[in-house]
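Visitor: Have a look; sequence and predicted model below, questions after that.
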Amino acid sequence: MKVEDIKQICVIGAGNMGHQIAVCGALAGYKVSCTDISQDMLNKAEAFANTYLPERVAKGKLRQEQVDKALANLSFTKNLEEAAGAADFVIEAAVEKIGIKRKLFADLDRITPPHAILATNSSFIVSSQVADATKRPDKVCNMHFFNPALVMKLVEVVQGAHTSVETAQVTMDLTAKLGKTGILLKKEIYGFLVNRILGALNSEALYLADMGIATTEEIDLAVTNALGHPMGPFRLMDFTGIDLAYYIGMERYQNTGDATDKPSPLLVEKFTKGEYGVKAKKGFYLYE
Ligand code: 3HC
């Protein structure tokens, strides 16, 4: 398959990442069908597209015809068969639970046309952990976007040992068609590049807060004002989801057994209280 053969993209999951990946695809001229098990999430994703896109026209960033075309390209359905049945390329952005992802990949293998590429947007799970749930491991890879996906320019593509060169190339070419810069990793590594680097920063920030060396606000101030990051680590964890940071930490700790990988007490406290960040209106900060 070549990138030109991709007409229909299916995005699995309408959450933090999926809803924006879907809009990226529609803006790039692809028919995109976004699916989720939650009708509420789908309604929110559709409402986002219906407000975000016209706002881009009002801001002078897009033309009305581009928005009309993008909206016509987008569809939202709870029905996985309907969403994925004619897909040439699937981007799975469902919850970060390996059991759910393996079941999804097995279903997608059954539902999608044989030529379809099945990519996972997982933040840290390498695709070899889901590829063997399908009969087409050569067409399975990682395609990792960053939040907010409509803004962040990078996509990490990971070619596992099971991934064919063609699949990796088509995924890199699709990344470019979506207006993103791709980095192709030819070796699987937990967390890929960006989340490993970010994880190191977050661990140190949490350690300093746990030790009472500085407040979360002071640490954020240090990172924004001294290192020039647009957001400090605590504000960013609120934005990307404290639940996600917790799952990533737990998964890593379970894999390594290394006590230094254990999620920090402050992170565990926030997770246990359900203070997941922006989406819960409360995390390290309060959101109205
Ligand atoms: N969705 C879509 N677009 C958004 C947005 C959102 N949630 N938030 C901001 N934008 C757009 C605005 O529309 C604006 O676009 P324009 O300049 O073309 O008009 C542009 O971004 C700048 O917006 P603002 O001026 O309102 O706000 P900021 O300048 O503060 O930027 C930000 C907001 C882009 C979120 C910036 O704070 C930022 O880059 N933060 C860091 C994000 C980051 O590090 N992401 C990676 C996280 S790690 C990850 O995703 C890994 C994954 O596995 C979890």
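Guide: Received the coordinates, thanks.
Visitor: So for whatever helix or strand L201 lives in, mean pLDDT?
Guide: Element membership for L201 (DSSP states H and E) is helix 194-210. The pLDDT scores in helix 194-210 average 95.
Visitor: what do you get for stretch 114-133?
Guide: 97.
Visitor: Could you give the separation of it from the chain centroid?
Guide: Distance of stretch 114-133 from the chain centroid (Cα atoms, centre = their mean, to the nearest Å) equals 13 Å.
Visitor: Start and end of it, how far apart?
Guide: Start to finish, the residues bounding stretch 114-133 are 15 Å apart (Cα to Cα, to the nearest Å).
Visitor: Then stretch 75-91?
Guide: By Cα to Cα, the extent of stretch 75-91 from end to end equals 15 Å.
Visitor: if we can go back for a sec, ok, is the helix holding L201 in contact with the ligand or not?
Guide: Yes - Helix 194-210 lies within reach of the ligand by Cβ under 6 Å from any ligand atom, at 195, 198. In short, each C-beta sits where N, CA and C put it, glycine included.
Visitor: now for that helix, which elements pack on it?
Guide: Counting contacts by 3 or more Cβ pairs under 8 Å, 6 or more residues apart in numbering; DSSP states H and E, helix 194-210 is packed against helix 216-227, helix 233-240, helix 242-256, helix 265-272.
Visitor: Who are the contact partners of P148?
Guide: If you count contacts by Cβ atoms under 8 Å, 6 or more residues apart in numbering, P148 has them with Q20.
Visitor: circling back to that earlier point, residues making contact with the helix holding L201?
Guide: Contact with helix 194-210 is made by 123-124, 144, 146, 154, 156, 189-191, 214-216, 219, 223, 232-234, 236-237, 245, 248, 252, 260, 264-267, as judged by Cβ under 8 Å, 6+ apart.
Visitor: For the ligand, tell me which of those show up nearby.
Guide: By Cβ under 6 Å from any ligand atom, the members of these lying near the ligand are 123, 146, 236.
Visitor: So which residues on this structure come close to the ligand?
Guide: So far as Cβ under 6 Å from any ligand atom goes, the chain lies against the ligand at 59, 61, 123, 146-148, 150-152, 195, 198, 230-231, 236, 240, 244.
Visitor: could you redo the last one with a cut-off of 5 Å?
Guide: Within reach of the ligand by Cβ under 5 Å from any ligand atom, the chain has these residues: 123, 146-148, 150-151, 230-231, 240.
Visitor: Tell me the one among those nearest to T181.
Guide: Lowest distance from T181 to those (Cβ to Cβ) belongs to F146, with 11.0 Å.
Visitor: Now that closest one: closest residue in space, sequence neighbours ignored.
Guide: Closest residue to F146 apart from its sequence neighbours, by Cβ to Cβ, 6 or more residues apart in numbering: M152 at 3.6 Å.
Visitor: From F124, how far off is that neighbour?
Guide: 17 Å (Cβ to Cβ, to the nearest Å).
Visitor: Same check on E217?
Guide: From E217 to F124 the distance is 28 Å (Cβ to Cβ).
Visitor: Pretty sure R136 is one of the things T163 touches, is it not?
Guide: No - using Cβ atoms under 8 Å, T163 is not in contact with R136; the gap is 10.5 Å.
Visitor: Which of the two has more residues huddled nearby?
Guide: T163 (25 against 19; other Cβ atoms under 10 Å).
Visitor: Right, and the ligand sits closest to which residue of this structure?
Guide: Here the chain gets closest to the ligand at one residue, S123, 3.1 Å apart by Cβ to the nearest ligand atom.
Visitor: so which strand or helix has V11?
Guide: V11 belongs to strand 8-12, assigned by DSSP H and E.
Visitor: residues making contact with that strand?
Guide: 18, 21-22, 25, 30-36, 80, 83-84, 86-94, 104, 108, 112.
Visitor: Toward the C-terminus from that strand, list the very next helix or strand.
Guide: As the chain continues past strand 8-12, the following element, by DSSP H and E, is helix 18-27.
Visitor: would you turn the helices and strands packed on helix 194-210 into CSV with distance to A72 and mean pLDDT?
Guide: Output for these, formatted as CSV (distance: least, Cβ to Cβ, whole Å; pLDDT from 0 to 100):
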stretch, distance to A72, mean pLDDT
helix 216-227, 40, 98
helix 233-240, 30, 97
helix 242-256, 32, 89
helix 265-272, 40, 97
